[in-house]
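S.K.: just need the structure, nothing else, for what follows:
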Amino acid sequence: MKPSLAFPLFLIIAGTIWLLRSLNLFPATSDIIAAVLALTGVCIFILEGMNKQTLVVAPTLIYIGGAIYAYERYPISLSTIFAAGMIVSGCLMLLARSDVIPDSRIKRLPKK
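M.R.: Okay, the predicted model is just below:
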């Protein structure tokens, strides 16, 4: 039986991150979180397509990623970011109510 790959992979990943951080080549944690949120939103659109649920969720994730990045890089107050986020989310929710936007392909099972 072969030994597990978990420990060698952990050493390689941890060592790579440590090396990049010590050489100041690793991006800030907030940048990584912002990129992951924005990419998640884009992936939701690609995988799920356009429907009532993804019309709200995907752009909201992209906005949150952009807001985190903007907050860390530019002199924007949290109050401004939250207010703009509320407006964007509200507009998306109103747009999702339209009959032109299709329902989600995945239907939930009724409760018994």
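
S.K.: report the distance from the lowest-mean-pLDDT helix or strand in the chain to the chain centre.
M.R.: Ranked by mean pLDDT, DSSP states H and E, the weakest helix or strand in the chain is helix 6-22, scoring a mean of 88. On the basis of Cα atoms, centre = their mean, to the nearest Å, helix 6-22 sits 24 Å off its chain's mean C-alpha point.

S.K.: and for that helix, what are the contacting residues?
M.R.: Phe26 (Cβ atoms under 8 Å, 6 or more residues apart in numbering). C-betas here are computed from N, CA, C, even on glycine.

S.K.: check stretch 69-78 too.
M.R.: 28, 30-31, 34-35, 81.

S.K.: which one of these is nearest Gly65?
M.R.: Comparing the contacts of stretch 69-78 against Gly65 with Cβ to Cβ picks out Ala34 as the nearest, at 4.4 Å.

S.K.: that closest one: what secondary structure?
M.R.: Here Ala34 is recorded as helix under DSSP: H, G, I helix; E, B strand; the rest coil.

S.K.: all set, thanks.
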